[in-house]
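Student: missing the sequence, but the structure's below:
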């Protein structure tokens, strides 16, 4: 990337830096990472982890260095070592297989994802066909689809899918959503579904999680007043990708997703007076701090923190780690 470092003793150009609040880790991510760390402390290395525990390469690399081994499926795990399931949730067949093999396993599924699973089962037990709004192939969607028998849930990704969805027979309908979606995109899909199926009941509580909603609200504020928005997060992180989209939709002339400061192209800052900085729910705060330090090295930066929702949610660790 373009180094764009000022010459020694050259005056630095003024730049306003706005930090979004909230940003970075949410309670579900924090819990999932702690589960892997505590498991390594309790059982020693290696501890196996099915899929990336959260979608952030820096987090994954740090846990690998501590003794975590990331695998795609349980058949890659030996019988005598513990395994952790990722924060995104797993199909029911995965813990069933682990029990059959008598593996020690820890489920790091975010409790808000588990809530969606429970709701899907409740709807199914009541005889409803479930429409799941989400992205095909995302681990969270794979996990939710895998809570019930094939055919019990239909995945809808777009408004066009919502228009073409056909009710199976005369079954009553219900819907659930992936927890990391764009609030606005989901509202558009729901508008189509409710026009076509006015009887469609709302979930007891919104499925898109509080952390996703709060971070999107915070980045909307950045998009309205910044010339450039940088989102720290990995490309396979759904909620991070959504933040870039939300920033652009809110009016930011440019917005980019970067894993860390090394991925910044400093030519992006040409003509920029105000830059907004935020991070997806799986990005650690030190990456944001390093990005701000890199900006300070190149500009006479005035850093301010936006007002936003203050998050106090915490989730308990599994009993196996606290006993």
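Tutor: Okay, I see it. Here the structure is a predicted model, which means the values were calculated and not measured. Residues are numbered from 1 along each chain as shown.
Student: In terms of helices and strands, where is the residue most central in space within the chain?
Tutor: Nearest to the centroid of the C-alpha atoms of the chain, with distances taken as C-alpha atoms, centre = their mean, sits residue 239, at 4.1 Å. Residue 239 belongs to helix 238-249 when assigned by DSSP states H and E.
Student: likewise residue 15?
Tutor: According to DSSP H and E, residue 15 maps onto strand 13-19.
Student: what's downstream of that strand, the next helix or strand?
Tutor: Stepping forward along the backbone from strand 13-19, the first helix or strand reached (DSSP H and E) is helix 27-43.
Student: What's the first helix or strand after that next one?
Tutor: The C-terminal neighbour of helix 27-43 among helices and strands, as given by DSSP H and E, is strand 47-50.
Student: what is the rounded mean pLDDT of that following strand?
Tutor: Here the mean pLDDT over strand 47-50 is 98, rounded to a whole number.
Student: Would you mind measuring the gap between the ends of stretch 234-243?
Tutor: 12 Å (C-alpha to C-alpha, to the nearest Å).
Student: Stretch 76-88 too?
Tutor: For stretch 76-88, by C-alpha to C-alpha, the gap between its terminal residues amounts to 19 Å.
Student: before we move on, the earlier item: give me the sheet partners of the strand holding residue 15 and which way each runs.
Tutor: Strand 13-19 has its sheet partners listed here by DSSP bridges as strand 274-279 (parallel), strand 299-305 (parallel).
Student: what separates that strand from the chain centre, distance-wise?
Tutor: 27 Å (C-alpha atoms, centre = their mean, to the nearest Å).
Student: and if you look at stretch 277-285?
Tutor: 10 Å.
Student: Tell me the buried residues in that stretch?
Tutor: Neighbour-count burial for stretch 277-285, counted by 16 or more other C-beta atoms under 10 Å, picks out 277, 278, 279, 280, 281, 282, 283, 284. For the C-beta atoms, the positions are set from N, CA and C on the backbone; glycine is no exception.
Student: likewise stretch 185-194?
Tutor: 185, 186, 189, 190, 192, 193.
Student: now that we're looking at the last one, how far away is residue 225 from it?
Tutor: When you say that, I think you mean residue 193. For residue 193, the distance to residue 225 under the criterion C-beta to C-beta, to the nearest Å works out to 34 Å.
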